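>>> Next comes the sequence, and after it the predicted model I'd like to discuss.
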Amino acid sequence: MKKQYWLMKSEPDVYSYDDLVSEGEGTWDGVRNHTAAIHLRTMKVGDEAFFYHSNIGLEIVGIITISQEHFIDPTDEKARFVAVKVKPVRKIANSVTLKAIKANPKLAAMELIRQSRLSVAPVRPEEWKEILKMAGE
DNA sequence: GCCAACGTTGGC
DNA sequence: GCCAACGTTGGC
């Protein structure tokens, strides 16, 4: 299957991009939303995702890659939800803010905009390219 | 199976 | 700190 693109949100005071970099590999657990969980289940090793800082920053700061496909979330006592493992790829040249994304008509259909509470969302290939362009890459 | 009440997320 | 959007729960 062709490589898929995602956007994954984290509050930087809880778990930031730099935290992931210093760990080398991170477990993306704690997702308790069914729609987000479906996306986690769809992810394949080698898929890439934007790392978005919610709450503080409100911007895409870097790129990560899926390093292990879904498994039972170890933090879920009922073992109903899943987690994946991720590794950092690189920081983007210039972080792309939510404000800039909202101001770009090409990105109006993004799940990030349409369903802002969703913590794991798909990104279309053309949106991926557009955001990289905005990041100065 | 419907819907009101409540909880959570996340932007402002 | 507030509120909108959405999900979940529980009474009927």
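Right, received. Where do you want to start?
>>> Every contact and neighbour count from this point should use C-alpha atoms.
Noted.
>>> how about the residues of chain A that lie near DNA strand C?
For chain A, the contact set with DNA strand C under CA under 7 Å from any atom of the strand comprises A:R32, A:N33, A:H34, A:T35, A:R114, A:Q115, A:R117.
>>> Do you have the strands of chain A handy? List them.
Taking DSSP state E as the criterion, chain A contains strands spanning A:5-10, A:26-28, A:48-53, A:59-72, A:82-97, A:120-123.
>>> Quickly compare those and say which is most buried.
strand A:48-53 (a mean of 26; mean count of other CA atoms under 10 Å).
>>> so how far is that strand off the chain centroid?
3 Å (CA atoms, centre = their mean, to the nearest Å).
>>> what mean pLDDT would you report for that strand?
For strand A:48-53, mean pLDDT is 97.
>>> in its sheet, what does that strand sit against?
Applying DSSP bridges, strand A:48-53 is found paired with strand A:5-10 (parallel), strand A:59-72 (antiparallel).
>>> Please list all residues in contact with the closest residue in space to A:R41 that isn't next to it in sequence.
Closest residue in space to A:R41, ignoring its immediate chain neighbours: A:H70 at 5.6 Å, by CA to CA, 6 or more residues apart in numbering. For A:H70, the contact set (CA atoms under 8 Å, 6 or more residues apart in numbering) comprises A:L40, A:R41, A:M43, A:V82, A:A83, A:V84, A:K85.
>>> measure A:H70 to A:K87 for me?
14 Å (CA to CA, to the nearest Å).
>>> returning to what we had before: and the strands paired with strand A:48-53 as a markdown table, adding mean pLDDT?
Formatted as a markdown table, the strands paired with strand A:48-53 follow (pLDDT from 0 to 100):
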| stretch | mean pLDDT |
| --- | --- |
| strand A:5-10 | 97 |
| strand A:59-72 | 96 |
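>>> Nearest to A:E25, out of these?
A:E25 lies closest to strand A:59-72 among the strands paired with strand A:48-53, at 8.0 Å (CA to CA).
>>> That concludes my questions; thank you for your assistance.
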